[in-house]
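Visitor: I would like the atomic coordinates for the input below:
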Amino acid sequence: INENSWLSEATKKKAIVKLRALILKVGYPDKIEKIYDRLKVIPASEGGTLYSNERAFTVESIKYNIEQLHKEVDRTVWLMAGNEVNACYDPQRNDLTFPAAILQAPFYDLKQDRATNFGGIGTVIAHEVSHAFDNNGAKFDEFGNMKNWWTKDDYAEFKKRTQAEIDLFDGIQYGPVKLNGKQIVSENIADQGGLTAAVEAAKNEGDDLKKLFENFARVWANKQLTESIKTQVSVDVHAPGPERANVQSQCQDEFYKAFDVKPSDGMWLDPDKRVHIW
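Guide: The predicted structure follows:
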């Protein structure tokens, strides 16, 4: 942020305040939420069914959530379980969650070299941090309140760069469908910021950037049926994995140096089309 070329000093200071206020949640919660004491499974021998139990859980969960409306915000609550291979940023709590299940290969492994870990869990960590400064997170302050902390000119420039990210992905053909750049822009902003931060960190350590980019591609590799692709692209706010890996790498100048990519190569993207936000 300090080296950012388009933010004013006033906005930089506010951004750093928000960064320093981030709450980090790693592994699994320290306590079990009280809602679980209220969920009772009625076995089939007592007349319970899958439907009746699911309905009772839903009703109890709604009651529990309504009860929280007039209580102080509990910032220790987790939005994910420890056994979930995922991670998240919550703008209303300004916190980061990295469940234990994602802290394994290919994302992270003690036996992997540092560059490979930077390309995996490093990009994921920085991705979630970057959500604090995507088109949604940017609207919340360090306490999770919806409050504008940007100068007018800075936010106008941010919206301009956000539009460039939308245009970058909009219309990309993926299997049988085309991507909607606006629908997936928040995740793409986070991917862009996450990969940029990981590359910068690896450079500072003198690490092999080829290994970083290779593992960045590895963690997003996937196989999908045509029907799955159609469903994902119609509802998901994330770009399909292979496009996350390829397009974001194309916007990193260090990618071209690491693999000696030339204008005649398929992964080449002209410098004026490469999107840089964070």
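Visitor: buried set for stretch 235-248?
Guide: The neighbour-count check on stretch 235-248 (16 or more other CB atoms under 10 Å) flags 238-241, 243-248 as buried. For glycine as for every other residue, the C-beta is placed from the backbone atoms N, C-alpha and C.
Visitor: my error: substitute stretch 271-278 in the last question.
Guide: For stretch 271-278, by 16+ other CB under 10 Å, it's 274-275, 277-278.
Visitor: run through who's touching it.
Guide: The contact list for stretch 271-278 (CB atoms under 8 Å, 6 or more residues apart in numbering) reads 4, 130, 133, 158, 161-162, 164-165, 168, 189, 192-193, 196-197, 250-253.
Visitor: rerun at 6 Å
Guide: By CB atoms under 6 Å, 6 or more residues apart in numbering, the surrounding residues in contact with stretch 271-278 are 130, 161, 164-165, 168, 189, 192-193, 196, 251.
Visitor: I'd like the distance from the helix or strand harbouring Arg218 to the chain centre, please.
Guide: Secondary structure assignment for Arg218, by DSSP states H and E: helix 209-219. Centroid displacement of helix 209-219 relative to its chain, using CA atoms, centre = their mean, to the nearest Å, is 17 Å.
Visitor: now do that helix: which elements does it pack against?
Guide: Judged by 3 or more CB pairs under 6 Å, 6 or more residues apart in numbering; DSSP states H and E, helix 209-219 is in contact with helix 114-117, helix 241-250, helix 253-259.
Visitor: show the average pLDDT along the following helix or strand past that helix.
Guide: For helix 209-219, the following helix or strand on the C-terminal side (DSSP H and E) is helix 226-235. Predicted confidence along helix 226-235 averages 96 (mean pLDDT).
Visitor: what about Gly120, how many residues nearby?
Guide: Using other CB atoms under 10 Å, Gly120 is surrounded by 25 other residues.
Visitor: just Lys211 next, same as before
Guide: Residues lying near Lys211 (other CB under 10 Å) number 19.
Visitor: give me the neighbour count for Lys13.
Guide: So Lys13, with other CB under 10 Å, has 14 neighbours.
Visitor: just the angle between whatever helix or strand Asp191 lives in and helix 209-219, please?
Guide: Asp191 belongs to helix 185-204 when assigned by DSSP H and E. Put simply, helix 185-204 runs at 150 degrees to helix 209-219, going by axes from the mean of the first three to the mean of the last three CA atoms, to 10 degrees.
Visitor: which strands and helices sit next to helix 185-204?
Guide: helix 123-131, helix 152-169, helix 241-250.
Visitor: contacts for that helix next, please.
Guide: With CB under 6 Å, 6+ apart as the criterion, helix 185-204 contacts 115, 118, 122-123, 126-127, 130-131, 134-136, 165-166, 169, 209, 212, 237-238, 244, 248, 252, 254, 277-278.
Visitor: ok, stretch 31-48 next?
Guide: 53, 57, 60, 64.
Visitor: hmm, 8 Å instead?
Guide: With contact meaning CB under 8 Å, 6+ apart, stretch 31-48 is reached by 52-53, 56-57, 60-61, 64, 76-77.
Visitor: got the buried residues of stretch 235-248 as TSV, with pLDDT and distance to Leu179 columns?
Guide: Formatted as TSV, the buried residues of stretch 235-248 follow (pLDDT from 0 to 100; distance: CB to CB, whole Å):
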residue	pLDDT	distance to Leu179
His238	97	11
Ala239	97	6
Pro240	97	8
Gly241	96	12
Glu243	97	7
Arg244	97	11
Ala245	97	14
Asn246	97	12
Val247	98	9
Gln248	98	13
